[in-house]
Structures are given as structure tokens and as C-alpha cells.
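*Asks:* pasting a predicted model and its sequence here:
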Amino acid sequence: MRGPLPFLLVVPFNTSLFEQDSCLSGKFLGNYRDGSNINSVLITNEECISSWTSQTQSLSASFAPAAQGFRQLVWIEEEAVDPSLKTVIAEDEFKQFLERLSSPPAMPSEETFLESKQNIFIGTYQDASYEIFYQTQTAALLSVNSRVAIHLDAVLPRYWKSTPVPSFPVEYIPVPPSSIDPVKSVLANLAYDSTVATLVDGISIPQMRNDIRFLTGEDGQSGIVSRHSFSQGARVAAAWLKQRFEETGATCQLMPFMQGFAPNVICRYESVVNTTGTVIISGHYDSRGSFGSTRMPGGDDDGSGTTAVLSIARAIARNGVKFHQNIELVAFAGEEQGLYGSRAYARELRSLDANITLMIQADMLAYRKPGEPMQLGLPKSIGTPEVAQLVANISSLYSPELEVGFTSACCSDHQSFFEQGYASTQVFERAGPIADPMYHNSGDLSDREGYDFDQLKGIAKVQFATILHYAGFELHK
């Protein structure tokens, strides 16, 4: 005999959903963005839906029965972009996406796929159908074939992104006060430090320029055409990043997390004092390009964030910096397909009860819209406000040229850690929506108008200064 018919519920996020006396307790599938709103997705049954709606009178809840069950659930959302970039109505874009999803191009065998060097395919599958459980103008919840799910970036509209939804309920883990209190303590005692200023000022723009040109292939030597998570170019980049980080004294590993994906690059500087506390600073090194093109240089998204993290490593080595907490500098893969790499690592750390005291993701740091000042954007919605405030205050001390504000552009790999209850935030290039005309475009190179190395250095300085102030340090020269 079949059990109760499962229902998928999409409702504005509220902590009351997780109260023990609620029939929705233990039914959580994660939080996802729809425009300016954060929605929770839950799986339950008709009896619970009826009971819950009679008690809450939630007019904005949406629910749908999964009569045929479901395969891989995927949340699709339109990103926050400057109106000047939009040339197609979102509804039309979504219709075109569904048409492409129904009839993707042919895909070679897995062996050919893995040997395809820089080329990326989405593929034809025995079942390329989909089912929609929730849809607005800016988001949708789909059920698709699991192999289709990891390749959705190949058919998504340029300003849309996908996030996989767990197959089974997960625990809602808020950031506890015990993780926020140390951030508040640093905030309360924060003051300008001339030694910190000297260390962060030493970040080299010429070196950053060389590094980004290798990652984009603009140097003519790396041979990288694409850093898409499934490309050979991403594996070249991963090996190169590991070597560069190791040259600065870090202990590194290439960490696989899912078949077909390039690995995460995890690099660590051990603390010189006895502590389990660990600070993570990261970027994602995988990239996305124009629809139908195999050229995916990812100069800004997110070669800029990756280069900023590498510049910090170089400054650590050059100045003999030793820390009073463990420091991990990380380059994630799988971000463009739905935070796969960072989710795998964050979940692993949570399962180990790792003491991650702070996490800051750098994603898109270098583009400055003509006529605008240099900026630093902090997340308006998903992230720890106290960590964002710490970054903002440190920016005023060491990069006062940056105009700091909030951005609706969201979310990058910090979300994976925030979901696991770790204090985290993101740094971004603009106090506003995405304005880079080469976003998710094969023209995302460093040698172009608007690619600003001074802004990139300014934000990298803030990241480095945050590590120095929060972790504590000493110099061994």
C-alpha cells in the first residue's frame, strides 16, 4: 500500500517552520532566493498542509502534489542584474530555457566527454523531460533527470542560475550566538594597525595581472580556453593553483567531491598556537561562458576572486606571516552548477564538527561600471550581518577608497557555509546588482574596459586585513 502523497511546499522563510510542535519540523529542503525574497522548500503531505495552512493563514505559500514522485529537484532563479543589461523579458527567457531543456543537443559517450579537453556538452538523455512544482517570474522549482541537473548551466539563460535541492530533508542550522560573539569582540576592539596596513599594501597588482592572465588564457601560455567544472582547462587551473599556493608555504590537496567535476583546491597554513579555530577565505575558479561557446575565460567571474585569494597567499609568504588561528585559502569548483564543491566541503566540515570561526567568499571583484566609484558590495540577504559589518569597518580602515554598501547579487559559496551554521559573508564588486556586461560571457577577460585592478587590490586588502585582525598574527622573517 502506498503511503501519503508527498507535497512540495514553498513558503517565505520563517524560523517558526522549525518549531518542534509543527508538522513541518524535519521536512526542510533548504532556503532559496526568489527576487528579493528568501523561500523555504519543504516536503510533507496533504494532512500536514491542511493543518498548517489552517493555523498560519499564509497567503504566500505555494504547494503542489508530487503524484508521480520526483527525480532531482532543482531551484532555478534569476540573478539580480542592472536593468541596463536586460534585453529579454524574464518570462520569454524562461520559456526559451524550457524549450532547450526539452531537446538538448547530442552528447558523446562518457569516455569521449572526459577526453573532450575544453569542450562542454549538456547531452541527450533517455528522459529529458521536466516537471514544474513552483514558478514565478524570477524563480522556479523543477524536477529533472539527475544528469541533466548538473549540466543545466549549459542551457540556462545568461542571468539565471540553478541550485540542486536535497533529495531528503536536512537540518536547519542557524549560526549560533557562540559563533557570532568572537566577531562582535573583534568589532568592538577594532583599530587601525600600521603593521597590518604595510602588509596589505604590499599586494602586487602586476603579479595579480599575471595570475589572472594565466587563468583566462590571455597570456598565450597556459592553454586554458575554459575553466568550466567539467573541462580539462579547469584541471590545469587546479594543478597550477595548488602549485602556486604550495610555493607560499601552504599544505594543499586537490579534493574530489563528485564524478566529472574538477576538484576543490584546499590549502592550509597551520596556526603557531594550539587551536582548532580555522578561518576560510575562498573564491571559485570554475567559469561559465556564452551560450553555445566553448570559450569560458571567467576573468571577473571568478578569476578575480581566485586571484585575490592567491595574492593573499603571496603576501603571507613574502612577509613571513604566521597566524594564531589556522587559515585555509580555498578555490572551489562546481559553483556555476549550483555550489557543488563548497556544499560538499561545508557538509564534510560540519560532519567533523570542525571549528570554522569565519568564512569569507570572494566572487566577482574587478568590474567597475564606467562613471562609478570603486566599490565593495556585501550581501543584503544570505550571510552573517556581523561578519559583513566587520568587513565594512575594516574596509574603512585599509581601503577607504572603496564605497561600501549592500548588494542584492546573491549567492556564492559562502551560502554553503552559512547553511551549516558557520559565520560567513561574501565580498562583491558593486554595492548594487550585477553590472558587468561580460557576466557569463565568453568575453569575460581582464584586458577590457571596466576591469579595474585597483578595485581588485582594494578588496583583496580588505580580505587580508580581516584575516590578520580576526585570526591574530606574528611575523617570522
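*Replies:* Okay, I see it.
*Asks:* assumed Ile360 was part of a helix.
*Replies:* No. Judged by DSSP: H, G, I helix; E, B strand; the rest coil, Ile360 forms no part of a helix; its state is strand.
*Asks:* quick one, helices of this protein?
*Replies:* With helices called from DSSP state H, the chain shows them at 46-56, 90-102, 110-114, 146-149, 177-188, 194-201, 205-216, 232-247, 303-319, 340-351, 385-398, 414-418, 453-471.
*Asks:* most packed of the ones you listed?
*Replies:* Stretch with highest mean neighbour count among the helices of the chain: helix 414-418 (a mean of 27; mean count of other Cβ atoms under 10 Å). To be clear about C-beta, it is placed using only N, CA and C from the backbone, and glycine gets the same treatment.
*Asks:* so which elements touch that one?
*Replies:* Applying 3 or more Cβ pairs under 8 Å, 6 or more residues apart in numbering; DSSP states H and E, one finds that helix 414-418 contacts helix 340-351, strand 356-362, strand 424-427.
*Asks:* ok, which of the ones you listed comes nearest Ile173?
*Replies:* Of all the helices and strands packed on helix 414-418, it is helix 340-351 that lies closest to Ile173, at 7.5 Å by Cβ to Cβ.
*Asks:* and Gly35, how many neighbours?
*Replies:* A count of neighbours around Gly35, defined by other Cβ atoms under 10 Å, yields 14.
*Asks:* I figured it hits Thr138, correct?
*Replies:* Yes. At 4.4 Å, Gly35 and Thr138 qualify as touching, with contact defined as Cβ atoms under 8 Å.
*Asks:* can you check what angle separates the lengthiest strand in the chain from helix 46-56?
*Replies:* For the chain, the longest strand by residue count, based on DSSP state E, is strand 37-45. Angle of strand 37-45 versus helix 46-56, following axes from the mean of the first three to the mean of the last three Cα atoms, to 10 degrees, is 130 degrees.
*Asks:* from Gln96, how far out is the most centrally placed residue in the chain?
*Replies:* Nearest residue to the geometric centre of the chain (Cα atoms, centre = their mean): Ser412, 2.0 Å. Separation of Ser412 from Gln96 (Cβ to Cβ, to the nearest Å): 26 Å.
*Asks:* which regions of the stretch 301-450 of the chain sit below the pLDDT cut-off?
*Replies:* Along the stretch 301-450 of the chain, the model assigns pLDDT under 70 to no residue.
*Asks:* check contacts around the closest residue to Tyr134 other than its chain neighbours.
*Replies:* Excluding the flanking residues, the one nearest Tyr134 by Cβ to Cβ, 6 or more residues apart in numbering is Leu141, at 3.9 Å. Residues counted as contacts of Leu141 (Cβ atoms under 8 Å, 6 or more residues apart in numbering) are 8, 10, 32, 41, 73-76, 132-135, 165.
*Asks:* which one (most neighbours) among those?
*Replies:* Ile76 (26 neighbours).
*Asks:* wait, Ala465 sits on Ser396?
*Replies:* No. Using Cβ under 8 Å, Ala465 makes no contact with Ser396, being 10.8 Å away.
*Asks:* list the contacts for the closest residue to Ser304 other than its chain neighbours?
*Replies:* Nearest non-adjacent residue to Ser304, counting by Cβ to Cβ, 6+ apart: Ala366, 3.8 Å away. Ala366 makes contact with 299-300, 304, 429, 446, 451-453, 455-456 under the criterion Cβ under 8 Å, 6+ apart.
*Asks:* adding distance to Cys48, write those residues out as a markdown table.
*Replies:* As requested, those are exported to a markdown table (distance: Cβ to Cβ, whole Å):
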| residue | distance to Cys48 |
| --- | --- |
| Gly299 | 48 |
| Asp300 | 45 |
| Ser304 | 46 |
| Glu429 | 43 |
| Ser446 | 52 |
| Tyr451 | 51 |
| Asp452 | 52 |
| Phe453 | 54 |
| Gln455 | 50 |
| Leu456 | 49 |
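*Asks:* how many neighbours does the nearest residue to Asp301 once chain neighbours are set aside have?
*Replies:* Excluding the flanking residues, the one nearest Asp301 by Cβ to Cβ, 6+ apart is Met364, at 5.1 Å. When counting by other Cβ under 10 Å, one arrives at 27 neighbours for Met364.
*Asks:* state the phi and psi torsions of Met364.
*Replies:* Dihedral pair for Met364: phi 70, psi 90, per degrees, to the nearest 10.
*Asks:* contacts only, for it.
*Replies:* Listed by Cβ under 8 Å, 6+ apart, the contact partners of Met364 are 300-302, 304-305, 409, 428-429, 434, 436, 439.
*Asks:* roughly how far does it sit from Pro157?
*Replies:* With Cβ to Cβ as the criterion, Met364 and Pro157 are 18 Å apart.
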